[in-house]
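Q: take this sequence and fold it.
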Amino acid sequence: MLKRILMLVGFCILFIILVVVIFGVILSKRPFVPDNYTQTVKTGGVLESKYISMGEHEVSYMESPALMSFKKYEIFYPTDISDMNGKLPVVVFVNGTGAVASKYQSLQKHLASWGFITIATEEEYAWNGFSAEMSVRYLEILNEYEGEVNGAGNVFRGKIDLDKVGITGHSQGGFGVVNAITEQRHASSYKSAVILSCGDTKGINLFQWEADDTLIKTPTLIMGSTGNTDSVIAPLEGLQKLYNNIPNNVTKVLARRNDADHGEMLYYADGYVTAWFMYYLTDDVEAGKAFFEENAEILSNPLYQDIKINAVE
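A: Predicted structure coming up:
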């Protein structure tokens, strides 16, 4: 009997590994986010529709090589950054398995059009949060550097608000988010976090990725889907454990989308992801109505279920 149980457990482990590996291979061969997703993704609420639309800014791109495993920093920002008043908030991206930054540029462009500076890398093993940490350090340098960058003036000098930094990660990137906001040197710099399609990071996992979600102090939005792949990689039980592990003195929101699967969640959720960052990093009161107050929009959005909200003043 014990032998049969061990065989069954072994089969389940191999099946999960196979699903993740196959999914990673598929992602490595195609763009992760469609260029036109802001026009095609279905929305179920006025605010979700507003924030998944493109913002008012044209967007520019800069990259800088890095002598590290993640190869380069990839930055999107409003083209009119020099004309904008004050400093701009930042969103750091942490890559999921097979989904490096060059495969989801349209997602970064979308946030930049709303007035954010976004930064990502080509890191394939982002679970430890190191690439996110180095991204913040690079932004610190850019914010102070007086010389030229890529042969031109440094448009970022004095324009990066390092007191308003958010972070988002999908799948493996969820582990990276937790490590970035709890263990890395700039953990306290993050004012908001988003974890997509990643279950309980404190539990045992087959890849020996380590992250302790009980240490989270940053307001965190957790989203997954009801799709078949997410049922294996980020099942409801795992999402609920992640939510419950975050201390109750921290604002946290959990929701699952019912018309998407694992890979699609990076951009299907983007309306509310953008609203989350707009609320916490730009003080956009309207964006907060998507999650908070008695009639929070997400509660009545037919595309979402299994919703939990713990709002802390």
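
Q: going forward, measure contacts and count neighbours with C-alpha atoms only.
A: Noted.

Q: so how many other residues sit close to Phe175?
A: Each residue near Phe175 was counted by other C-alpha atoms under 10 Å, and the total is 29.

Q: report the contact partners of it.
A: Residues in contact with Phe175, defined by C-alpha atoms under 8 Å, 6 or more residues apart in numbering, are 126-129, 169, 198, 201, 209-211.

Q: which of those residues scores worst on pLDDT?
A: When the contacts of Phe175 are compared by pLDDT, Thr201 scores lowest at 84.

Q: grab the nearest non-local neighbour of it.
A: Counting by C-alpha to C-alpha, 6 or more residues apart in numbering, Thr201 lies nearest to Ala211, which is 5.5 Å off, once chain neighbours are set aside.

Q: for the one you found, pull up the helix or strand it's in.
A: No secondary structure element spans Ala211, as it lies outside all helices and strands (assigned by DSSP states H and E).

Q: tell me the spacing between it and Met68.
A: In this structure, Ala211 and Met68 are 22 Å apart, going by C-alpha to C-alpha, to the nearest Å.

Q: looking at those two, which one has more neighbours?
A: Each of Ala211 and Met68 has its neighbours counted (other C-alpha under 10 Å); Ala211 has more, 23 against 11.

Q: the more buried one and Val155: what is the separation?
A: As defined by C-alpha to C-alpha, Ala211 lies at a distance of 36 Å from Val155.

Q: same check, this time on Gly45
A: Shown here: Gly45 relative to Val155, a distance of 36 Å by C-alpha to C-alpha.

Q: so who does the residue nearest to Thr201 touch?
A: Neighbour list for Ala211: 128, 175-176, 178-179, 201-202 [criterion: C-alpha under 8 Å, 6+ apart].

Q: for Lys252, see how far away it is.
A: To Lys252, Ala211 is 17 Å away according to C-alpha to C-alpha.

Q: repeat for Ala66
A: Distance, Ala66 to Lys252, by C-alpha to C-alpha: 34 Å.

Q: neighbour count winner among the two?
A: Each of Ala66 and Lys252 had its neighbours counted (other C-alpha under 10 Å), and the higher figure belongs to Lys252 (24 against 13).

Q: which parts of stretch 231-245 are buried?
A: By neighbour count, and taking 16 or more other C-alpha atoms under 10 Å as the criterion, the buried residues in stretch 231-245 are 231-236, 238-245.

Q: just stretch 52-64 next, same as before
A: Of the residues in stretch 52-64, 52-55, 57-59, 61 count as buried by neighbour count, 16+ other C-alpha under 10 Å.

Q: and the residues you listed as JSON lines, adding pLDDT, distance to Val41 and secondary structure?
A: Rendered in JSON lines, the data for the buried residues of stretch 52-64 read as follows (pLDDT from 0 to 100; distance: C-alpha to C-alpha, whole Å; DSSP: H, G, I helix; E, B strand; the rest coil):
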{"residue": "Ile52", "pLDDT": "98", "distance to Val41": "8", "secondary structure": "helix"}
{"residue": "Ser53", "pLDDT": "98", "distance to Val41": "10", "secondary structure": "coil"}
{"residue": "Met54", "pLDDT": "98", "distance to Val41": "13", "secondary structure": "coil"}
{"residue": "Gly55", "pLDDT": "98", "distance to Val41": "16", "secondary structure": "coil"}
{"residue": "His57", "pLDDT": "98", "distance to Val41": "21", "secondary structure": "coil"}
{"residue": "Glu58", "pLDDT": "98", "distance to Val41": "21", "secondary structure": "coil"}
{"residue": "Val59", "pLDDT": "98", "distance to Val41": "21", "secondary structure": "strand"}
{"residue": "Tyr61", "pLDDT": "97", "distance to Val41": "24", "secondary structure": "strand"}
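
Q: and which of the residues you listed is nearest to Pro219?
A: Among these, Ile52 lies closest to Pro219 (C-alpha to C-alpha), at 20.7 Å.

Q: after the top strand by length along the chain comes which helix or strand?
A: Looking only at the chain and at elements set by DSSP state E, the strand with the highest residue count is strand 160-170. For strand 160-170, the following helix or strand on the C-terminal side (DSSP H and E) is helix 172-182.
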